[in-house]
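A.B. asks: Just to be clear, the model below is a prediction. Sequence and coordinates:
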Amino acid sequence: MGKIAGDVSANHHAATGDFAHPTSAQLIEIDSRNSLMPPSATSAPVVTLQGVAKRFANGTLALDQFDLRIRNGEFLSLLGPSGCGKSTALRLIAGLGEPTRGGISWAGATRSGRRNGLDVGFVFQEPTLMPWATVFRNVMLPLKLQGVVEYGAATKRVVEALERVGLASFRDAYPRELSGGMKMRVSIARALVTDPPLLLMDEPFAALDEITRFKLNNDLLELWRAVGHTVIFVTHSVFESVYLSSRIVVMTPRPGRVFAELTVDAPYPRDESFRTSAEYARHCRIVSQALSRAMGDVS
Amino acid sequence: MSRADPPPVTARGLVIEWPRIVLPIATLALGVLVWDLVVRIKNIPPFILPGPGLVAATLLSDWGLLWDSLLVTLATTFEGLALALAGGVGLAILFNQSRLIENSLYPYAVILQVTPVVAVAPLLLIYLPQQAAVLACAWIVAFFPILANTTLGLNSVDRNLVDLFEIYGASRIAVLLRLKLPAALPYVLGGLKIAGGLSLIGAVVAEIAAGSAGAGSGLAYRIAESSYRLNIPRMFAALILLSIAGIAIFLALSLLSYLALRRWHESAIASER
């Protein structure tokens, strides 16, 4: 660990040199053992990853020495180039697969090793809907699988989830009858229907056109502020991560580890005026620079 | 957000366009005309090639006999198909749940399929009662396409959906019933469409093989029997009935597939260009 931490902090100091001017986004000390808490974050971490490594059967080392503490209520983005292990980290947090080394602990977990007690919602890059089922039955699925038997209560929750994403009138439509953006909304409604404290999103808007993506970004922020869950959002877009996040974790390419943690302290609610503001541009520049350093680009 | 207009949904294959009806009928009429002319001009005797008029007359005069035989053959075909559906889907589910069973049995399912049923039928007739042997032949040829297609369908489930089910702690049985079987349905129906025709073929082959034993009463037995008696017009009449039965089975299974998939599967939806 010592050598790796040294390498990273060397990069980190080089990076801070460039940001001599006071900026609203600051590089935070990356050593997770004593990470600085931004004033907005509260209490105990929801999930803690310590020294996590993941090696796949084909020998690929996707993650190595990956340390991360996810704080309650934050909107955290994992930012990095394709193949940097962001999705792998997200899947491990969801309890899909086991880390090769290191440990993950979930708030409310009753025994180590499995994601017990902590409900998560997961949104994939594709909408991942069952094509044979209506919108209503797709959103009902998590409740059915978790054994919510009382049909009236379950129906109410499904209708509420669909209302939150603005699709209440589409409950009887089939996925193929919906546009790409609407399918993704159904997918988000399905992730929200169990009211999970932690929402995991794996590049959910990457396949959508820009207009739809901006609209869904805004709607997602509104949802996050209304519901108050913790969000971990995987993206390769600097602009999307700055717009959405309260904190951005920049990852190095394979094997993925935390290169820098940046706080985006622009206040919420954020809207289209934030997207065109000088403050937004400044944040984006800082994050872009951190990202190019993470990728080993010294220019 | 406004409600997106769903693309116009029409049934592929069920929308009847006049060239698709008129052209085959015209071809048929032309073929029958040529057949009739050849028989008349060459003055071919009916025990070598009967004309279409004689075949039609035989179809009418022997209708009672042929109809009863058709019902026997169709009953065998549908029993074989039903058993093939149960066996094919059931075995595919077993294979999907257990590698051990799949590795132990799959090669034999293939062997059963590649061994020509004509060669197996006489043996089956020795060891089984005739009706059971005929049914077994129909089953043997019909079950493999259902097994192969269902296996493919069960293995073609969206990986992300499998992950989603795991995230929510779904049991194996829930994954099977709520995810794998619905995802495999289009494949099962595709296999069933192939199996319907094959089941008829299996029944006919077994009846022909059993025909020499002399106890059958199916339509293929009538063909074999008429052949011994040089009753060529009745052979043609029985053959025509068999063809019509095959077409009817295919159409019925296509309709079933369309009805089951019309709301969600691309195969049942024609897009407008």
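C.D. replies: Thanks, I have the structure now.
A.B. asks: who in chain B is up against chain A?
C.D. replies: Counting by CB under 8 Å from any CB of the partner chain, chain B comes close to chain A at B:1, B:3-4, B:6-7, B:158, B:160-161, B:163-170, B:174, B:178-179, B:182-183, B:185, B:263-266, B:269. The C-beta positions use only the backbone N, C-alpha and C, and glycine is treated the same way.
A.B. asks: Could I have the buried ones of those as ChimeraX selection syntax?
C.D. replies: Selection of buried members from the residues of chain B next to chain A for ChimeraX, criterion 16 or more other CB atoms under 10 Å in any protein chain shown:
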select /B:158,160,161,163,164,165,166,167,168,170,174,178,179,182,183,185,263,264,265,269
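A.B. asks: in the sheet, who's paired with A:I248?
C.D. replies: According to DSSP bridges, the residues that bridge with A:I248 are A:S77, A:L262.
A.B. asks: Contact distance from chain B - what residues of the stretch 101-250 of chain A qualify?
C.D. replies: Checking the stretch 101-250 of chain A against chain B by CB under 8 Å from any CB, the hits are A:120, A:122, A:124, A:126, A:128, A:130-133, A:141-142, A:144-146, A:166-167, A:169-170, A:173-179, A:182, A:194.
A.B. asks: Mind checking which of those residues are buried?
C.D. replies: Buried among those (16+ other CB under 10 Å): A:120, A:122, A:124, A:126, A:128, A:130-133, A:141-142, A:145, A:167, A:170, A:173-178, A:182, A:194.
A.B. asks: Can you list which of these are found in strands?
C.D. replies: Judged by DSSP state E, these include A:V120, A:F122 as members of strands.
A.B. asks: Output the contacting helices and strands for the helix or strand hosting A:L49.
C.D. replies: Using DSSP states H and E, A:L49 maps to strand A:42-55. Where contact means 3 or more CB pairs under 8 Å, 6 or more residues apart in numbering or on different chains; DSSP states H and E, strand A:42-55 is packed against strand A:61-72, helix A:86-93, strand A:101-106.
A.B. asks: other SSEs contacting the last one?
C.D. replies: It stands for strand A:101-106. Strand A:101-106 packs on strand A:42-55, going by 3+ CB pairs under 8 Å, 6+ apart.
A.B. asks: quick one: buried residues of the strand it packs on?
C.D. replies: A:P45, A:V46, A:V47, A:T48, A:L49, A:Q50, A:G51, A:V52, A:A53, A:K54.
A.B. asks: just to revisit the earlier point, to A:R225, which of the helices and strands packed on strand A:42-55 lies closest?
C.D. replies: A:R225 lies closest, by CB to CB, to one member of those: strand A:61-72, at 14.7 Å.
A.B. asks: which other residues reach stretch A:123-134?
C.D. replies: By CB atoms under 8 Å, 6 or more residues apart in numbering or on different chains, the residues outside stretch A:123-134 that reach it are A:135, A:137-138, A:141, A:171-176, A:180, A:183-184, A:186-188, A:190-191, A:199-204, A:206-207, B:158, B:160-161, B:163-164, B:179, B:182-183, B:185, B:263-265.
A.B. asks: Over to stretch A:49-57?
C.D. replies: A:1, A:32, A:61-69, A:85, A:88-89, A:92-93, A:97, A:99-105, A:255.
A.B. asks: can I get the CA coordinates of it in PDB?
C.D. replies: Presented in PDB, the C-alpha positions along stretch A:49-57 are these (Å, rounded to 0.1, in the frame of the first residue of the first chain):
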ATOM      1  CA  LEU A  49     -14.300  -0.300   0.200                       C
ATOM      2  CA  GLN A  50     -10.900  -1.100   1.600                       C
ATOM      3  CA  GLY A  51      -8.000  -2.200  -0.500                       C
ATOM      4  CA  VAL A  52     -10.300  -3.800  -3.000                       C
ATOM      5  CA  ALA A  53      -8.800  -5.700  -5.900                       C
ATOM      6  CA  LYS A  54     -10.600  -7.600  -8.600                       C
ATOM      7  CA  ARG A  55      -9.000 -10.000 -11.000                       C
ATOM      8  CA  PHE A  56     -11.100 -11.700 -13.600                       C
ATOM      9  CA  ALA A  57     -10.700 -15.300 -14.700                       C
END
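A.B. asks: Give me the mean pLDDT for it.
C.D. replies: Stretch A:49-57 carries an average pLDDT of 86.
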